[in-house]
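*Asks:* With the sequence up front, the predicted model follows.
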Amino acid sequence: MRVWLVRLVRLGVAAAVVGGLLTAESSMWLRTAANGHLYTVATVPAAPVVMVLGAQVYDDGTPSPFLEARLELARQLFAAGKVKAILVSGDHMDWGYDEPGNMWLWLNSHGVPAGRIIEDHAGFDTYDSCARAKRVFGVDRMIIVTQAFHLERAVALCRHLGVDATGVGDTTVAKFRDPWLKASYREYGAADKAAFDVLSGRDPVFLGQHETSVQDALNQG
């Protein structure tokens, strides 16, 4: 084997080892930051707001099973009196694709009053949703709902960004084994991105001006 090829292989191995160590450190940080803040619908302490993180919406506006499961958790929390308002945060980068709008429609059609649902149309990723909840909507304390494999990262990021966040995770869609496993594996790469976002202290893709819509919903009593 030529010397240059040996060196190239060694460099690749070293890079893989370093990358693996960084991912492990990032994952451990997320786990530690979220420790003690993950609950079930029955056990989670009450909070003013629950934030539903966006996921895929089909062309006809129907939420994907993963998103519908998140919305159902938020509905249960509202029905149980655990929260007074629901913030739906997702992707509306393309005019023809509107996660928050369709999340609003689902919740409203399942018994949540219109005035209690607030839409964040610039929640392009978990970091942006957390940052905007704090800096745009003025949320200081909330519950986050998402799938269980995503929950540690979501809670850790929100807490780092100044929100007293707890989390409730869905496991019902684990019955869709292949999508669940693929999404779970993607969390390793997402952990690295989360660490980069925190270390860089970046602003959300779109910050925007302060909105009073969450407080207006809470003021309804």
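*Replies:* That came through fine. Everything numeric here is computed off the predicted structure, so don't read it as measured data.

*Asks:* And the strands in this protein, which stretches?
*Replies:* All strands of the chain, identified by DSSP state E, fall at 38-39, 49-53, 85-89, 117-120, 141-147, 164-170.

*Asks:* Mean pLDDT, distance to Ala190 and mean neighbour count added to these, as TSV?
*Replies:* Quick note: C-beta positions are derived from backbone N, CA and C, even for glycine. Formatted as TSV, these follow (pLDDT from 0 to 100; distance: least, Cβ to Cβ, whole Å; neighbours: other Cβ atoms under 10 Å):
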stretch	mean pLDDT	distance to Ala190	mean neighbour count
strand 38-39	98	17	16
strand 49-53	98	12	28
strand 85-89	98	16	28
strand 117-120	98	20	24
strand 141-147	98	12	26
strand 164-170	98	15	22
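
*Asks:* Figure out which of those strands is closest to Gln209.
*Replies:* Smallest distance to Gln209 across those (Cβ to Cβ): 13.0 Å, for strand 117-120.

*Asks:* Now do that closest one: everything it contacts.
*Replies:* With Cβ atoms under 8 Å, 6 or more residues apart in numbering as the test, strand 117-120 has contacts from 85-90, 100-101, 103-104, 107-108, 129, 132-133, 136-137, 213-214, 217.

*Asks:* do the same with stretch 59-73
*Replies:* Here stretch 59-73 makes contact (Cβ under 8 Å, 6+ apart) with 41, 52-58, 88, 99, 102-103, 105-107, 110, 145-147, 168, 170, 172-173, 176, 179, 183.

*Asks:* so can I have TSV of the strands of the chain showing distance to Ala194?
*Replies:* Below are those laid out as TSV (distance: least, Cβ to Cβ, whole Å):
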stretch	distance to Ala194
strand 38-39	16
strand 49-53	13
strand 85-89	16
strand 117-120	19
strand 141-147	14
strand 164-170	14
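
*Asks:* And these: which comes nearest Gly208?
*Replies:* Gly208 lies closest to strand 117-120 among the strands of the chain, at 9.5 Å (Cβ to Cβ).

*Asks:* List the strands paired with that closest one, with their directions.
*Replies:* Here strand 117-120 has these sheet partners by DSSP bridges: strand 85-89 (parallel).

*Asks:* Measure how the strand it pairs with sits relative to strand 141-147, angle-wise.
*Replies:* Relative orientation of strand 85-89 versus strand 141-147 (axes from the mean of the first three to the mean of the last three Cα atoms, to 10 degrees): 50 degrees.

*Asks:* who's in contact with Leu107?
*Replies:* Neighbouring residues of Leu107 by Cβ under 8 Å, 6+ apart: Leu71, Ala74, Arg75, Ile86, Val88, Ile117.

*Asks:* Those residues: which two are farthest apart?
*Replies:* Among the contacts of Leu107, Arg75 and Val88 lie farthest apart (Cβ to Cβ), at 11.5 Å.

*Asks:* rewinding a little: nearest to Ala154, of the strands of the chain?
*Replies:* Closest to Ala154 of the strands of the chain is strand 141-147 (Cβ to Cβ; 4.9 Å).

*Asks:* From the rest of the structure, what touches that closest one?
*Replies:* Strand 141-147 is contacted from outside by 44, 47-53, 66, 69-70, 73-74, 77, 82-83, 87, 133, 151, 154-155, 158, 163-171, 173, 180, 183, using Cβ under 8 Å, 6+ apart.
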